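Participant: Everything below, folded, please.
(2 chains)
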Amino acid sequence: MRLLLVEDDTMIGESVRDLLAGEHYAIDWVRDGESADTALRAHAYDLVLLDLGLPRRDGLDVLRALRARKDRVPVLIATARDSVRARIEGLDAGADDYVLKPYALDELLARIRALLRRAAGRAEPAYAHGGVVVDPARREASVDGRTVVLTAREWAVLEPLIARPGAVLSRTQLEEKLYGWSEEISSNAVEVYVHGLRRKLGADLIRTVRGVGYTVPKEAP
Amino acid sequence: MKWQAPHSLRARLLGFLIAAIAATAALQAGVAYRTARAEADAIFDWQMQQTAQSLRPGLAPAPDGAPPDDENFDFVVQVWTSEGLRVFESAARAALPQRAVLGFSDVRARGTTYRVFSLQTRSQVIQVAQDMAVRREMAAALALRTVAPIALMVPVLMLLVWWVVGTSLAPVARVGAQLAQRQADDLSEVAETGLPDELRPMVRELNLLLERVRQAFDAQKNFVADAAHELRSPLAALSLQIQGLRRAGDDAARDVAVARLSAGVERATRLVEQLLVLARQQASAAAGAAPLPVVLADVVRQAIETALPQAHARGVDLGFERADDATIPAHADALRILLRNLLENAIRHAREGGRVDVEVRRGAGAVVLAVSDDGPGIPPAERARVLDRFYRVAGTGSTGSGLGLAIVKSIADLHGARLALEDSPTLGGLRVVVDFPEDGRPA
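Facilitator: The predicted structure is shown next:
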């Protein structure tokens, strides 16, 4: 999953970027409102973590512009503006959730998972597909009741696929979910991780659509 | 023991009014008495004269004759022959000695004073006398009659004064009640309507004071709100840095996390320190201590010494460019804080291995302190805003407190100095100029 982090505070930005990267998310970090707007126009993100008090352009302004473009990307505001009015303003401007600084990282992660779940049109926290159950909160997968450990990269490839069964994602799209801007992409990384996933979860879960990409097929009802 | 006027305006007014009325009444009574006495004297003297004249043609020697009609005025008439034989007296009880003095005289006899008129005819001496008490009593009665209406007016006047004072001071009581009912944080104006002119200046001053207090209060509230907001960011950073440390998988990651955490603690410490400096600065400015003469260049030299390690850590060449000998009236501690902030800012924003110049220049009526660096400077559009609390210039990535220049501004204001941000003509970076007035009157 690729997240855009909009944060002008260097110390907070560094820490959030590294911590989220450790949670298998691909992070792009921008430090002002104009760059955030540019990034949002150029890339499709799965979620935006937005600070409000930004240099050059206010976060709320960026958010309104985003919603005016009918972009439905989930937006989680993380700010030090704590007044009830500011929270109402933020949510009414189109944010999906609002957390106050300082926040507990685990709470932030839970909120991110909840927003991603909702964006995928689900309410239940775990994915179930045939004999395979995948729980993003605990980062645990099990096959026929047998627990399987996945690496962060494998997870990053599996989650977008299993989140929307039936959708086909290209290799490039999956690479984008894997790496932030600054990271170097190795040419056959996606194939390597898909191979690993098939080995751990069974060959049937992820199908290759030749010339297009990969998909987790819709379950037969 | 010293007598003190009562504190109540009403009691004071009543007291003085009664005293004034009493004095007036006494004076009036005195004048009336004297006038009445003088008139009575003139009238009675004339009557005594007339009585004596009427007896002049000759009085039949009638020892047992009825006395003349003299009951009204207690006249006593005696007639003597030339030989000194008393041939007539109007009342036996009123025998007066024969007097040789002709015309008017006062005679003391039988415990009282008589007014006596003697008239010499060919054969007789006619004496007409009157007890002076009659005249005194009459004058006293007259005087009393003039004072009586005033005495009657006294209670009426007192009531009137009581009422007028009461109604005039009612607005004072109302203002008092309004103030008493207020919440502690209600600093709105007191209404001036209906107040007597004498009280209006006091209430106006009170309102001006309330206005100043309100501004100070608002400033404090804004400051607290800003500070609360600003304290959250370093705390959020700390909280995340701890998470980072906890999740660090290997030694290298742990070293990075520890370095970040200590930087975060340093930053939070610095912010709290700066907040305290600013708060103390504003409190001492409010306390209004008197400035003392300070040799500016000496303080600058000390500040440069203190800042040297920091400058050397970044390879910055920090030094005096010009040091005129000038004394300004200043608060030395505040001045040190101002310099520390200016130097730290300049060192932080100078290029790595760059240069920071300090000047103390004596100009016409002013002593100019200037700190220049060779950093990126501040765009003109941002220069006014960087003096605001917690404002940071975009894109500098600076994790400063955002309070440094706000503190500098506050101290400059305390010294009545003008603070200006310019481009440095020599170094190309920012040049901060503090213009101290030589007479140093704090604005």
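Participant: who in the stretch 151-300 of chain B is up against chain A?
Facilitator: Applying CB under 8 Å from any CB of the partner chain, we find that the stretch 151-300 of chain B lies next to chain A at B:228-230, B:232-241, B:243-244, B:247, B:260, B:263-264, B:267. In short, each C-beta sits where N, CA and C put it, glycine included.
Participant: go with 10 Å
Facilitator: Counting by CB under 10 Å from any CB of the partner chain, the residues of the stretch 151-300 of chain B close to chain A are B:225, B:228-249, B:253, B:256-257, B:260-261, B:263-264, B:267-268.
Participant: Which ones among those residues lie within helices?
Facilitator: Using DSSP state H, B:225, B:228-247, B:253, B:256-257, B:260-261, B:263-264, B:267-268 are the members of these that sit in helices.
Participant: Contacts only, for residue 161.
Facilitator: Picked chain A for this. Residues in contact with A:Leu161, defined by CB atoms under 10 Å, 6 or more residues apart in numbering or on different chains, are A:127, A:129, A:167-169, A:174, A:177, A:194, A:197, A:205-207, A:213-216.
Participant: Oops, wrong one, chain B.
Facilitator: B:10, B:13-14, B:16-18.
Participant: Can you tell me the element it falls in?
Facilitator: For B:Val161, the host element (DSSP states H and E) is helix B:132-180.
Participant: does B:Leu421 count as helix, strand or coil?
Facilitator: State at B:Leu421, reduced to three classes by DSSP: H, G, I helix; E, B strand; the rest coil: strand.
Participant: any idea how far chain A is from it?
Facilitator: Distance of B:Leu421 to chain A, given as CB to the nearest CB, to the nearest Å: 18 Å.
Participant: Report the contact partners of that residue.
Facilitator: B:377-378, B:380, B:382-384, B:386-387, B:405, B:430-433.
Participant: can you do 8 Å?
Facilitator: B:378, B:383, B:386, B:430-433 (CB atoms under 8 Å, 6 or more residues apart in numbering or on different chains).
Participant: Quick check: of those residues, which lies closest to chain A?
Facilitator: When these are compared for distance to chain A (CB to the nearest CB), B:Val386 wins out at 12.5 Å.
Participant: Excluding sequence neighbours, find me the nearest residue to B:Arg10.
Facilitator: Nearest-residue entry for B:Arg10: B:Val165, 4.5 Å, with adjacent residues in sequence omitted and distances by CB to CB, 6 or more residues apart in numbering or on different chains.
Participant: so the one you found makes contact with B:Ser8?
Facilitator: No - applying CB atoms under 8 Å as the test, B:Val165 and B:Ser8 come out as separate, 9.1 Å apart.
Participant: Quick one: residues contacting B:Gly375.
Facilitator: Counted by CB under 8 Å, 6+ apart, B:Gly375 has contacts B:346, B:349-351, B:354, B:429-430.
Participant: Now it: closest residue in space, sequence neighbours ignored.
Facilitator: Closest to B:Gly375 by CB to CB, 6+ apart is B:His349, at 3.6 Å.
Participant: who's A:Tyr98 bridged to?
Facilitator: Listed by DSSP bridges, the beta-bridge partners for A:Tyr98 are A:Ile77.
Participant: Which parts of the stretch 1-150 of chain B are helices?
Facilitator: With DSSP state H, counting those that start in this stretch as the definition, the stretch 1-150 of chain B shows helices at residue ranges B:9-55, B:132-180.
Participant: now the angle from the longest one to helix B:9-55?
Facilitator: I take that to be helix B:132-180. Angle of helix B:132-180 versus helix B:9-55, following axes from the mean of the first three to the mean of the last three CA atoms, to 10 degrees, is 170 degrees.
Participant: domains in the chain, as residue ranges please.
Facilitator: In the absence of a named chain, this looks at chain A. For chain A, automatic domain parsing gives the domain ranges A:2-119, A:127-215.
Participant: That was the other one, I meant chain B.
Facilitator: Using automatic domain parsing, chain B is parsed into the domains B:9-58+B:67-143, B:200-288, B:289-437.
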